[in-house]
Every structure is written in C-alpha cells, then in structure tokens.
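Output the structure for:
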Amino acid sequence: MWLNKEKVSDAMIRKKRKSLLNAHPNHIVIDNLFDSSKLDEVMLVLQKMDNWHTQTHTYAALHVDKKKWQNTPNKERFVMRDVWQPDTLSMQTKQVRVARDFLLFLRSKEFMTLLSRIFEVQLTDINLATPTINSNFFRLTADDFVNQHADDSPGREVCMLLYLNKVWNNSGGELVFMGEVDSPIQIAPTYNRCVLFNPSSKGSEHWVNPMSYDDTVKYRYNVTSWYWSK
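Below you'll find the predicted structure:
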C-alpha cells in the first residue's frame with residue numbers, strides 16, 4: 001500500500017545494493033520509493049500547525065530543556081527543529097491516523113525486510129523498548145539547524161531520511177555527507193526522495209545546509225528513521 005512496487009523489484013534491490021557498496025559513505029538515494037498519493041495525504045496532516053513541538057539537542061545531551069539550552073554555547077548546540085508529537089485526542093482523528101500509520105509502516109516487517117535485503121543485515125526492533133520513537137516527522141525553518149554529527153550508535157545499522165516538500169525552489173536545506181577527503185556529498189531534499197545510509201561507514205558524518213528565508217517554503221519537512229540489528 002505504501003511502497004511504489006516498481007522500486008522494490010529484485011533487480012532494483014540488487015542494483016541498489018551494488019551502488020551502496022561503491023559509495024563513500026555507504027549510501028543510496030531512491031526517488032519515488034513511496035506511493036506519492038499516500039504521501040500527499042500525510043502532508044495534509046503535517047501542514048497543520050498543531051502537534052508540532054520544538055526539539056533541542058546539544059552534543060552533551062539530547063532533549064535539553066529551555067533553561068539548559070539558553071545556557072549552552074552556540075558551538076555546543078547541534079539540533080534545533082520541530083518534532084511531530086500528536087496528543088491522545090489528536091490521534092483519534094482519521095487524518096492524524098494516516099500519518100501515524102505511515103510511521104508504523106516504516107517499522108513493519110515488510111519495510112524492514114526490504115532494508116535488510118539492501119544492506120544485507122538482519123534488522124529488528126526486538127531489543128528496543130519503544131521502537132516507534134525511532135521513526136518520526138520533523139520540520140525546519142530558516143532559524144533552525146542540524147549541525148555536523150554522526151548517527152553511529154552501537155548496533156545502529158541503517159538510517160533513513162525521506163523528504164516531503166513538493167515545492168522546494170532551491171531553498172537550501174540540503175543534506176551534506178562529509179564524504180571522502182575534500183569531497184562532501186550534497187543531496188537536495190526533493191519530494192519523495194529517500195536517502196538510506198550506513199551510519200558507521202567512513203564519511204557518514206553529516207549536516208543540513210541552512211534554509212533560506214523564502215516566503216514560498218516556510219518549512220522543510222522530512223521523516224527520519226533509525227534501524228538496529230540484533
């Protein structure tokens with residue numbers, strides 16, 4: 001229901017696996033991996049102003065409160081963005097359930113089997129206390145940022161980014177991998193573009209270019225999802 005079947009054939013998986021191994025860092029980009037009409041339904045939910053909350057991370061601690069954030073030097077801050085967190089009442093609405101169903105699909109056996117085949121590693125949520133917190137929607141404004149960092153937590157095998165803005169207009173916000181020496185890799189956040197990468201591969205440290213102040217593109221929307229092996 002959620003996947004574009006043309007993008008998940010055996011031949012396509014073999015091709016992507018080969019591309020993954022030859023890239024530094026080990027990453028692939030798959031455009032139109034998901035059914036665009038279903039993502040359109042998700043975007044109708046995300047574009048509503050409710051259910052969004054500011055998230056702040058420092059290099060020393062995640063989810064710091066406002067007081068700690070204000071006392072943290074700029075060079076020690078690495079994330080400020082909004083995270084989608086609907087309350088219990090909102091979750092009862094049909095529209096919000098559509099967006100939530102997509103996040104649940106990203107942790108389903110079907111999708112994790114696909115990732116396992118591409119990366120040739122057995123992915124599972126069996127050892128995670130709350131798997132659902134590892135897949136969520138985020139948005140950035142021109143005042144927000146995601147500075148250079150690594151996602152290589154122990155056991156984390158795959159990271160996924162999916163971009164959801166239909167209109168972009170060169171508004172900044174590109175994903176940048178450190179890559180090899182003096183060869184950073186820049187990826188534009190175009191609609192239904194999925195980036196998959198091995199967070200422990202060389203050059204996988206990454207950041208997001210600042211967004212420009214553009215009245216036509218106020219928010220940069222994406223899904224981030226992390227996956228572990230046994």
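
Next up, the contacts around the residue lying closest to residue 8 once chain neighbours are set aside.
The shortest distance from residue 8 to any non-neighbouring residue, by CB to CB, 6 or more residues apart in numbering, is to residue 114 (5.9 Å). No exception for glycine: its C-beta is placed from N, CA and C like everyone else's. Contacts for residue 114 were tallied using CB atoms under 8 Å, 6 or more residues apart in numbering; they are 3, 8, 13.

Can I take it that residue 114 is in a helix?
Yes: under DSSP: H, G, I helix; E, B strand; the rest coil, residue 114 falls within a helix.

about what we covered before: are any of the contacts of residue 114 buried, and if so which?
Among those, those buried by neighbour count (16 or more other CB atoms under 10 Å) are residue 8.

one step back: so how far is residue 177 from the residue nearest to residue 8?
Using CB to CB, to the nearest Å, residue 114 is found at 22 Å from residue 177.

Name the residue most distant from the centre of this protein?
What lies farthest from the middle of the chain is residue 71; by CA atoms, centre = their mean that is 28.1 Å.

sorry, back to before: let me know the closest of the contacts of residue 114 to residue 209.
residue 3 (29.0 Å; CB to CB).

gap between the closest residue to the closest one other than its chain neighbours and residue 178?
Residue nearest to residue 3 in three dimensions, not counting chain neighbours: residue 34, with 6.2 Å by CB to CB, 6+ apart. Using CB to CB, residue 34 is found at 27 Å from residue 178.
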